[in-house]
Every structure is written in C-alpha cells, then in structure tokens.
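Asker: Predicted model, plus sequence, below.
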Amino acid sequence: MLNYIKLINAFYDRLETNSLSTSAIALWHALVHVNNKAGWQREFTVAVSVLCVKTGLSERTITNARNDLKIKGFLDFKSRKGSKSAVYKLSDLSANIAHKVSDNEDLSEIDADNLSGNPSCNVSDNLSCNPSALIKQNKTKENKTEKEDDKELPINPFSFYEQNGFGVIGAYISQKISMWCDDLSDELVIEAMKLAVERGALNFSYVEKILQEWFVKGIDSSDQARASALAFKDQQSKQRSKPRQGNSADRKEQLPDWFRKQKSQFSSQTENEIDDLDFERQKAELQKELKKYKEVKPRVSEEERNAELDRLGIM
C-alpha cells in the first residue's frame, strides 16, 4: 500500500529533475485521489470523463498529459478496446528513492551471508550446487505474475456505470456519482446500480431514487442494502397475490348518486320527447284531412263547414 504523504513528497522531489506541465501535474493528483478512494489498488480504472471533472482539462489534454507521465516514469497505463476505461498503475516514487539509498547495503549483506554460510559455493557455483533452483524460482515468478494478471480489477462506480449499459458517463452524472459516493460509499452506489440493472432500469434517476431511500433509512452497508431490497420485493409479491375485492355486480350497485340521477332525468326526457312526436304526427294527419275536405266540397255552406270541423274536433 502506498503512503500518501511520502508519495506526494517523492513526486515533488522527482519534479526537480523531471519537469512536468501543469496539466500533467493536475492529472497525476487526480489519479492519486481516485486510487486513494479505491484503497490503494495495484491497478485501477477510471473514466476519462471523471478525470475531466476532477482536473478541469479536456479529453485531448488528458491524453497528452498521461502520455507525458508514462514517458517520464510517474505511472503506467493500458488502453482497452471499446468503451472500457484505461487501466492505470501508479509508480511508487517513494519506494524508488528508498531503494537507491539502501541498494548497496542490502547487496553487501546478502553476499556476506552467502559467503559465510557456504564459502565453497559462491555465486558462480550456484547452478552447479543446485541446478533446479533457478528454474523453480523462475516458474514461481511466472505463476505469480499470471495470477496477478488474472485478478479482477477493482470496480469503481464510474467504470461500472459505463460497462453495464447505462451509457457513456458525462460530466453532470460523474459529479452526482461523486457526491453520492461521499454521502454514502462507493460500495452502496455500485449496489444501487446493480439493482437498477436487475430491474431493467438503466438510468441514473432510478439509481438515485434507491440511494435517496437508503440515505433516509440510514443504510450504510451492502448487506443492509440487499436486505432492504429483498424486503421491498417480498412486499410487492404479497400485494400482487392479494385477491381483488368485489365483482362486476357489486360495482354496478355502487354507482354514484349523481350518475343514477342523471340517468333518471335522461329517461324522463326521452319519454316526453316521444309524446311530443305523437302529437305532431296527429296534428299533421288532421291538417292533411282538412285540406282534402276543402278540395272535395268547395261549395258547402258556412254552417255545414263549421259542423264538419266540429265533428273532426278542430273547432
């Protein structure tokens, strides 16, 4: 694990003989900050967009600055295909300085021990004394290197966001993720993103609702978060399994009063309209019959006409 204070001091000691641009200095400090939050991992990943937020630099400037840092031995990085973030490895500058001071002393002590312990078998005779030792040692180193390479890189919220379908992370979302990491933890932010992935809600607004709920409940560990999510799932299952109360007949009887009143008024209005139609029809028939009567008997007397009208009920 790197020592933060010693690393900073060693960095500025190195600057006296290996000058850097202000952009490269800002980028180095941002990478140190990210690795410090990740727990000083041997290798770590971070999105370029996050580095843009932390340094205030453009993507192109960050690309140039990290190349400069790599050339001058301050760090190493490996780019990856697609939208995956680069893998960074910070150089332990403080260890390099310590090694330079003690290299001669350590080597002399080792040689003295070897010669005093077995004077007849010096460095040139090691292979003849134990020819399989060197082969065994090389194989051990190779196996150790392979295991270290096979280890899964530490996950951080920013890389998890981009690698699990949420999309390319922008400056605004990066800032919000950083704020939630400070308020809760990286672990809980990743846990909330996992729940969003499982539920098919690949947007940060859904993740933020989960984080808000955990913040209110005082949840501060992934175990508590998983227990809360499981309880919520059980509650939803119980609500779905409850039978729906009432049937269509009950709903029909429970119609509101305003609806029944409106329906009654509509029925009465319809009956009145039917009566009006009958009256108009009868009136039209009588007028038609009167017209016919006048055409058939044009010379009747006034008395006869009035009597006929009285008979028809028109007078």
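Answerer: Arrived safely.

Asker: quick one, phi/psi of residue 75?
Answerer: The phi/psi pair for residue 75 (degrees, to the nearest 10) reads phi -160, psi 170.

Asker: my guess is residue 53 meets residue 171, correct?
Answerer: Yes. Between residue 53 and residue 171 there is a contact at 5.3 Å, judged by CB atoms under 8 Å. In this view, the C-beta of every residue, glycine as well, is placed from N, C-alpha and C.

Asker: In terms of neighbours, single out the busier of the two.
Answerer: Just comparing residue 53 and residue 171: by other CB atoms under 10 Å the higher neighbour count belongs to residue 53, 20 against 11.

Asker: got the contact list for the more buried one?
Answerer: Each residue near residue 53 by CB atoms under 8 Å, 6 or more residues apart in numbering is listed here: 171, 174, 175, 178.

Asker: Below-threshold pLDDT in the stretch 101-250 of the chain: ranges please.
Answerer: Filtered on pLDDT under 70, the stretch 101-250 of the chain yields the residue ranges 101-154, 243-250.

Asker: can you give me the strands in the chain?
Answerer: Taking DSSP state E to define them, one finds strands in the chain at 44-45, 75-78, 87-90.

Asker: Show residues contacting the first one.
Answerer: Defining contact as CB under 8 Å, 6+ apart, one finds that strand 44-45 is touched by 34, 35, 38, 84, 85, 86, 87, 88, 153, 154, 156, 159.

Asker: Now with 7 Å, please.
Answerer: If you take CB atoms under 7 Å, 6 or more residues apart in numbering as the criterion, strand 44-45 is touched by 34, 35, 38, 85, 86, 87, 88, 153, 154, 156, 159.

Asker: Name the nearest of those relative to residue 76.
Answerer: Closest approach between the contacts of strand 44-45 and residue 76, by CB to CB: residue 88, at 7.5 Å.

Asker: So the closest one versus residue 170, what's the distance?
Answerer: 21 Å (CB to CB, to the nearest Å).

Asker: How about residue 286?
Answerer: The gap separating residue 286 from residue 170 is 86 Å, by CB to CB.

Asker: do residue 284 as well
Answerer: Counting by CB to CB, the separation of residue 284 from residue 170 is 79 Å.

Asker: Contact partners for the nearest residue to residue 54 once chain neighbours are set aside?
Answerer: Distances taken as CB to CB, 6 or more residues apart in numbering place residue 30 nearest to residue 54, at 4.1 Å, with adjacent residues excluded. Contacts for residue 30 (CB under 7 Å, 6+ apart) come out as 51, 54, 55.

Asker: how near is residue 30 to residue 174?
Answerer: Residue 30 is 12 Å from residue 174, by CB to CB.

Asker: same question, residue 21
Answerer: For residue 21, the distance to residue 174 - CB to CB - is 23 Å.

Asker: out of the two, which sits in the more crowded spot?
Answerer: Shown here are residue 21 and residue 174; by other CB under 10 Å, residue 174 has more neighbours (20 against 13).

Asker: of all the strands of the chain, which gets the most neighbours per residue?
Answerer: strand 44-45 (a mean of 24; mean count of other CB atoms under 10 Å).

Asker: Quick check: neighbours of it in the sheet, parallel or antiparallel?
Answerer: Using DSSP bridges, the strands paired with strand 44-45 are strand 87-90 (antiparallel).

Asker: quick revisit: so which of the contacts of residue 30 are in helices?
Answerer: Counting by DSSP state H, the part of the contacts of residue 30 found in helices is 51, 54, 55.

Asker: so which of those is the most crowded?
Answerer: The most crowded member of these, judged by other CB under 10 Å, is residue 51 (25 neighbours).
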